[in-house]
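[1] coordinates for the following, if possible.
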Amino acid sequence: MSSASHPVSVFPLSSGIPCGINAQPLPRGTPPQPPEPKSPDDWFPYSSQLGFELADFLYTWNQMPADHINTLLDLWAASLVEAGGQPQPLFMCHKDLYSDVKWQNFSIKYSQNLDKPAPWMRAQFDVWFRCPLETIHNMLSNPDLAAQMDYRPYREYDSKSGKRCFQDFMSGDWAWDQAGSTFVPIILGSDKTTVSVATGQHDYYPLYLSIGNIHNNMCHAHCHGVSLITLLAIPKTTREFAHTAPFRKFCQQLFHVSLSRILSILKPYMTRPDHVRFGDHHYRQVVYGLGPYIADYEEQALLVCIVRNWCTRCLAMRGNLDGDALNRSRKHADALIAEFDLLDLWDEYGIVGDIIPFTNDFPQADIYSLLSPDILHQIIKGAFKDHLVEWVEKYLIRKHGKKQAEKILDDIDRRIAAVAPFPGLRRFPEGRHFKQWTGDDSKALMKVYLPAIEGHVPQAVVRTFRAFLEFCYLVRKSVIMESDLDLINDSLDHFHHYHEVFKTTGVVLTFSLPRQHSLKHYHDLIKLFGALNGLCSSITESKHIKAVKKPYQHMSHFKALGQMLIINQRLDKLASARTDFSARGMLSSAAGVSALLNALEEHVAEKSASHIDDPGDSEEVAGPRVEVHVLLARTPHELNQFNIPALAHELSIPSLAHLVRAFLFIQLHPNDPRHPSEVPLLECPFYEGKISIFSSASSTFYAPSDLCGTGGMRREYIHAALNWRNEGPRNDCTFIITDPDQDGMRGMDIAHIHCFFSFTFRQTVYRYCADEDTGMWVVKPSFTANHQRNLAVIHIDTIFRAAHLIPVYGTSDIPRKIHPNVSYDIFRSFYVNRFADHHAFEIAF
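    Numbering: from 1, shown residues only. This next block holds a predicted model:
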């Protein structure tokens with residue numbers, strides 16, 4: 001692959017300067033004041049490393065309920081007595097594992113006309129919160145985040161083209177315009193979530209906080225970069241009053257008043273500096289400011305106090321959202337509210353004039369400019385799943401009638417179900433017809449839907465989906481160049497051009513849909529806030545799992561809110577302790593309990609590794625950045641006493657011995673100008689020893705636009721298994737690097753892996769795989785001049801990563817019950833699926 005140019009950064013002169021404990025600026029290069037020394041065996045508040053590791057395991061990883069912990073400790077004590085020791089385990093009961101940290105709370109009641117009060121008017125609504133100032137101090141002082149944090153805004157340019165690029169939040173224009181002291185943008189996100197439906201409606205309303213200085217990859221990995229600070233009140237009433245204007249207005253006011261009250265402690269430091277010590281041990285003068293707010297459309301409408309079906313960012317009329325319009329602003333809204341009555345504001349401007357946004361209580365805060373884009377709800381769940389996918393179904397019904405349309409939809413479902421497995425790809429064994437759709441379901445459907453509908457819908461519909469998917473994957477990139485902004489505009493223009501087919505065929509009457517309209521604003525929002533994957537509601541939704549849903553699963557549900565608050569406090573306390581102990585080098589792999597656990601893990605692995613034939617498909621990996629690193633599985637398959645003839649028989653490849661000899665010639669004579677087919681077989685080395693067979697290989701590569709570890713690294717497994725999950729053989733495809741100097745697919749081929757094997761030749765270990773070569777973009781199996789399969793033995797170092805192929809289904813219905821594992825063997829031509837994930841989109845162009 002061709003090498004990328006290096007970015008060049010430009011910084012404002014006055015921001016991010018370290019200072020001393022007395023707030024005086026320090027000369028450049030001054031080392032930080034070292035922290036107060038602590039004893040290397042000071043495990044307070046735990047008795048020892050073993051005590052901390054046990055508490056962390058039981059509470060963070062296992063999340064064992066308190067009564068189960070007590071039972072475990074009783075059994076531990078009994079085992080010590082039986083062994084002749086004293087009944088003194090590390091903890092006597094669950095209360096010894098942790099100490100309580102109090103949350104703060106306040107109450108709000110309805111205080112207007114109570115002549116004929118409804119039940120909700122007499123109720124008291126409690127809001128529980130943690131101090132946002134302390135939460136921000138903990139983030140700024142966290143040594144784990146110190147190297148993944150920007151202390152000042154910057155502008156980054158490509159060194160070759162001179163074009164601007166946008167990455168983390170501080171690379172955007174909004175942060176640049178706030179430059180002065182060390183500026184800390186406060187990023188908020190809220191979204192109601194339901195934890196149980198079967199036993200009743202249990203809703204929670206969490207509010208999360210992050211800061212714009214933290215790099216996007218740390219927010220994705222949830223490394224203390226996103227914190228739960230509030231559980232907002234959710235007013236409930238009877239059906240009689242649930243839809244009345246006073247109750248709806250009270251709910252809106254409660255939301256804004258609560259946010260203003262919780263964040264009020266930050267207000268003094270929005271106009272004068274706060275003296276804070278950072279994770280790099282330097283002090284800095286910090287000024288806070290309200291930054292982007294992450295929310296779905298309903299929540300955005302609540303935040304900016306507008307009527308539903310109007311745009312939250314611009315003044316476009318709700319009947320013609322795609323028309324040109326000016327952006328909303330606090331100054332303009334205040335002027336309208338002063339001039340017009342409430343009814344005119346509602347009808348003509350979509351403004352709810354009797355609700356005041358919480359941002360009006362803070363300096364330099366304009367809620368209309370602070371709404372972040374929402375890729376999950378606006379693009380994936382909204383424009384894709386709720387609009388385009390539904391429109392295809394409506395088109396088929398209008399075109400063919402309901403009965404024939406259902407047959408076509410069944411075939412589309414079979415096509416989706418027949419797609420070959422791929423790391424991280426969610427399966428749809430029965431198609432897409434199920435009731436509970438999650439964001440992950442919609443993301444998975446996006447990856448495979450386009451080839452499934454081709455042949456059943458007009459060309460304009462196919463091109464609509466292509467333009468839309470390209471737009472979605474471009475705006476989700478971790479680094480967005482100015483040239484990418486041009487591509488984003490082009491994709492959106494093509495989408496608007498081709499989606500007219502749905503109007504001309506009578507499927508829809510209007511495209512004035514707020515979620516779809518929001519795509520028009522993405523270009524400007526990228527320039528304001530940097531790459532948008534750091535501000536997506538998928539971050540807060542995934543945080544729901546750790547902060548709300550998992551705690552709910554592991555508690556008694558009696559006074560559930562109080563238990564949930566305590567659980568989050570204790571999890572944060574354990575996380576803070578781990579950070580402190582790690583910073584002091586007390587948790588290194590060579591120390592104490594960690595060394596014992598590592599030795600035990602290696603011992604267990606050695607005994608069981610030979611029986612492991614099914615590694616996970618993919619995983620996030622922490623560690624330094626490398627472009628790609630491919631390794632065979634740690635241990636060979638049980639059937640590892642093969643030789644070349646035996647493997648040739650097993651794979652039905654009679655020419656395998658000749659292919660291995662040709663491979664050895666290439667390895668020994670890399671500069672020979674001849675093609676391997678031109679080399680006489682007598683010149684090729686001969687090998688007749690033993691070989692080791694492996695069921696998989698792993699590729700670790702840099703993929704910051706996908707779910708990844710803190711360094712942007714991701715690992716996926718490439719399978720060549722005889723029996724995968726007891727469902728028959730699985731043989732994946734891969735990208736093979738053929739010309740490192742070419743970009744995209746022009747420098748790669750697609751290979752179908754038959755087998756991974758290795759052997760030693762002349763004291764050098766070669767690891768490689770037999771592959772069936774194919775073409776590019778739309779690929780077909782390749783054959784030689786005498787109509788034999790084009791096979792080769794290649795070095796494992798030429799493998800980049802797994803490739804996903806989707807059959808070109810054509811216009812005919814496919815047979816029923818095609819197993820995904822044999823998809824590559826049945827169909828004749830395939831698409832190289834560049835929408836399999838964001839990394840594939842960036843390389844397979």
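[2] what distance do you get for the residue nearest to the spatial centre of the chain to residue 406?
    The chain has residue 707 as the residue nearest its centroid, 4.1 Å off, counting by CA atoms, centre = their mean. Distance, residue 707 to residue 406, by CB to CB, to the nearest Å: 36 Å. The way it works is simple: take the backbone N, C-alpha and C, and place the C-beta from them, glycine included.
[3] helix/strand/coil for the residue nearest to the centre of the chain?
    coil (DSSP: H, G, I helix; E, B strand; the rest coil).
[4] and what about the residue found closest to it once you drop the neighbours it is linked to in the chain, helix, strand or coil?
    Nearest residue to residue 707, sequence neighbours excluded (CB to CB, 6 or more residues apart in numbering): residue 620, at 5.8 Å. Secondary structure, three-state DSSP: residue 620 is strand.
[5] residue 620 and residue 712 touch, don't they?
    No: using CB atoms under 8 Å, residue 620 is not in contact with residue 712; the gap is 9.8 Å.
[6] compare these two (neighbour count), which wins?
    Neighbour count, other CB atoms under 10 Å: between residue 620 and residue 712, residue 712 has more, with 24 against 17.
[7] part of a strand, is residue 128?
    Yes: under three-state DSSP, residue 128 sits within a strand.
[8] give me the neighbour count for it.
    18.
[9] residue 407 now?
    Residues near residue 407, counting by other CB under 10 Å: 12.
[10] show me what contacts it?
    Residue 407 sits next to residue 813 when contact means CB atoms under 8 Å, 6 or more residues apart in numbering.
[11] so it: helix, strand or coil?
    Under three-state DSSP, residue 407 falls in the helix class.
[12] circling back to that earlier point, so in terms of bridging, what pairs with the residue nearest to residue 707?
    On the basis of DSSP bridges, residue 620 is bridged to residue 714.
[13] okay, it: pLDDT?
    On pLDDT, residue 620 comes in at 72.
[14] with residue 774 instead?
    pLDDT, read off for residue 774, is 25.
[15] with the one 3 residues further on instead?
    Confidence per residue is given as pLDDT, and for residue 777 that number is 65.
[16] ok, the residue nearest to the centre of the chain to residue 481 distance?
    Residue 707 is 23 Å from residue 481, by CB to CB.
[17] low pLDDT regions in the stretch 401-550 of the chain?
    431-437 (pLDDT under 70).
[18] re the thing from before, so the residue nearest to the centre of the chain touches residue 714, yeah?
    Yes: Residue 707 is in contact with residue 714 according to CB under 8 Å; the separation is 7.1 Å.
[19] mutual contacts of these two, please.
    Joint contacts of residue 707 and residue 714 (CB under 8 Å, 6+ apart) are residue 620.
[20] are we agreed that residue 742 is in a strand?
    No: Residue 742: not assigned to a strand; according to three-state DSSP it is coil.
[21] list the buried ones in stretch 228-248?
    Across stretch 228-248, burial judged by 16 or more other CB atoms under 10 Å covers 228, 229, 230, 231, 232, 233, 235, 237, 247.
[22] which is the next helix or strand following the lowest-mean-pLDDT helix or strand in the chain?
    Ranked by mean pLDDT, DSSP states H and E, the helix or strand of the chain with the weakest confidence is strand 764-776, at a mean of 39. Later in the chain than strand 764-776, the nearest helix or strand by DSSP states H and E is strand 778-781.
[23] and the helix or strand following that following strand, which strands flank it?
    Next helix or strand after strand 778-781 toward the C-terminus (DSSP H and E): strand 791-795. Its sheet considered, strand 791-795 pairs with strand 764-776 (antiparallel) by DSSP bridges.
[24] residue 551 and residue 26: what is the separation?
    For residue 551, the distance to residue 26 - CB to CB - is 43 Å.
[25] same deal with residue 664?
    Residue 664 is 62 Å from residue 26, by CB to CB.
[26] between these two, which one's more packed in?
    The neighbour comparison of residue 664 against residue 26 (other CB under 10 Å) goes to residue 664, with 20 against 16.
[27] what about that one, which helix or strand?
    Per DSSP H and E: helix 656-668 holds residue 664.
[28] again with residue 42
    Per DSSP H and E, there is no helix or strand for residue 42.
[29] near it, how many other residues are there?
    12.
[30] contact partners for it?
    No contacts exist for residue 42 under CB under 8 Å, 6+ apart.
[31] quick one: pLDDT of it?
    70.
[32] next: residue 820.
    Per the predicted model, pLDDT is 81 at residue 820.
[33] measure it to residue 733 for me?
    Residue 820 is 13 Å from residue 733, by CB to CB.
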